[in-house]
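Enquirer: Return a 3D structure for these sequence lines:
(2 chains)
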Amino acid sequence: GAVVSQHPSRVICKSGTSVKIECRSLDFQATTMFWYRQFPKKSLMLMATSNEGSKATYEQGVEKDKFLINHASLTLSTLTVTSAHPEDSSFYICSARVPRRGVGGNTIYFGEGSWLTVV
Amino acid sequence: GQQVMQIPQYQHVQEGEDFTTYCNSSTTLSNIQWYKQRPGGHPVFLIQLVKSGEVKKQKRLTFQFGEAKKNSSLHITATQTTDVGTYFCMNSGYALNFGKGTSLLVTP
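Expert: A predicted model of the protein is given here:
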């Protein structure tokens, strides 16, 4: 079945540095990928929609200059947290839509998530 | 966009008891998907419902899509400790924000 791979699974960085998280679709082409953030015991919060070959669409309240998204190919989207601060520590998850024709919409598969800790 | 509300937010049951979570929308949904997220893990796709009144089963899990396609339910029969996690529903017309999900705790 479709698989979405996310890397790294855990990362610790110093305050003020930047961290890049990769999201790959392993056996399908994903024209659209999604980035979420999740705080402990809270629901997923959609941050942005990543579109291959074009600019990402950010949700209200998400700083696009801080959370840089690049979707340079049909199988890779990256999220870069720039000038990270401790409050950016969180669980970041990507997902990709597996396109299917006909009635039923598109199944969405999630990456394994990345735990970011900013110290 | 379409907002899917989920209830209850939390549910604590004894092992062996049944569990049900509900998703409700004010508008007709093209489909509904269910996901399970274990503590510390990522959401895993469980099932997709498309047709009005559709019922699907996966072992002890029963998924139902309402006749009006405005609500859905997930029922677990005789819960086990392995059922612990948060269950989310989502309409996959567009990956909008998930509902808050229902966190299930099962105690032996």
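Enquirer: Now do the strands for chain B: every range, in order, please.
Expert: B:4-7, B:10-14, B:19-25, B:32-37, B:44-49, B:55-58, B:61-65, B:71-76, B:85-90, B:102-107 (DSSP state E).
Enquirer: Figure out which of these is closest to chain A.
Expert: Judged by Cβ to the nearest Cβ, the one of the strands of chain B that comes nearest to chain A is strand B:44-49, at 6.1 Å. C-beta coordinates here come from the backbone N, C-alpha and C atoms, glycine included.
Enquirer: From the chain's centre, how far out is the closest one? Work that out for me.
Expert: Computed by Cα atoms, centre = their mean, to the nearest Å, the separation of strand B:44-49 from the middle of its chain amounts to 9 Å.
Enquirer: Counting neighbours, what do you get for A:His85?
Expert: As a burial measure, A:His85 scores 11 neighbours (other Cβ atoms under 10 Å in any protein chain shown).
Enquirer: re earlier: in a markdown table, list the strands of chain B along with mean neighbour count, distance to chain A and mean pLDDT.
Expert: Output for these, formatted as a markdown table (neighbours: other Cβ atoms under 10 Å in any protein chain shown; distance: least, Cβ to the nearest Cβ, whole Å; pLDDT from 0 to 100):
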| stretch | mean neighbour count | distance to chain A | mean pLDDT |
| --- | --- | --- | --- |
| strand B:4-7 | 18 | 9 | 88 |
| strand B:10-14 | 13 | 10 | 95 |
| strand B:19-25 | 20 | 13 | 95 |
| strand B:32-37 | 24 | 7 | 91 |
| strand B:44-49 | 18 | 6 | 90 |
| strand B:55-58 | 13 | 13 | 97 |
| strand B:61-65 | 19 | 12 | 98 |
| strand B:71-76 | 21 | 14 | 97 |
| strand B:85-90 | 25 | 7 | 91 |
| strand B:102-107 | 18 | 7 | 94 |
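Enquirer: For A:Ile69, find the nearest of the ones you listed.
Expert: Nearest of these to A:Ile69, taken as Cβ to Cβ: strand B:85-90 at 20.8 Å.
Enquirer: Pairing partners for the closest one, with directions?
Expert: strand B:32-37 (antiparallel), strand B:102-107 (antiparallel) (DSSP bridges).
Enquirer: So which residues on chain A come close to chain B?
Expert: A:32, A:34, A:41, A:43-46, A:49, A:59, A:93, A:95, A:97, A:103-113 (Cβ under 8 Å from any Cβ of the partner chain).
Enquirer: So which of the strands of chain B is nearest A:Val4?
Expert: strand B:44-49 (10.5 Å).
Enquirer: Would you mind writing the CA trace of that closest one as PDB?
Expert: What follows is strand B:44-49 as a C-alpha-only set of coordinates in PDB (Å, rounded to 0.1, in the frame of the first residue of the first chain):
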ATOM      1  CA  VAL B  44      -3.200   5.400  10.800                       C
ATOM      2  CA  PHE B  45      -5.900   5.100   8.100                       C
ATOM      3  CA  LEU B  46      -8.600   2.700   9.200                       C
ATOM      4  CA  ILE B  47     -11.300   2.900   6.600                       C
ATOM      5  CA  GLN B  48     -13.300   5.100   4.200                       C
ATOM      6  CA  LEU B  49     -17.000   5.200   3.800                       C
END
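Enquirer: so what secondary structure elements neighbour it?
Expert: strand A:107-110, strand B:32-37, strand B:55-58, strand B:61-65 (3 or more Cβ pairs under 8 Å, 6 or more residues apart in numbering or on different chains; DSSP states H and E).
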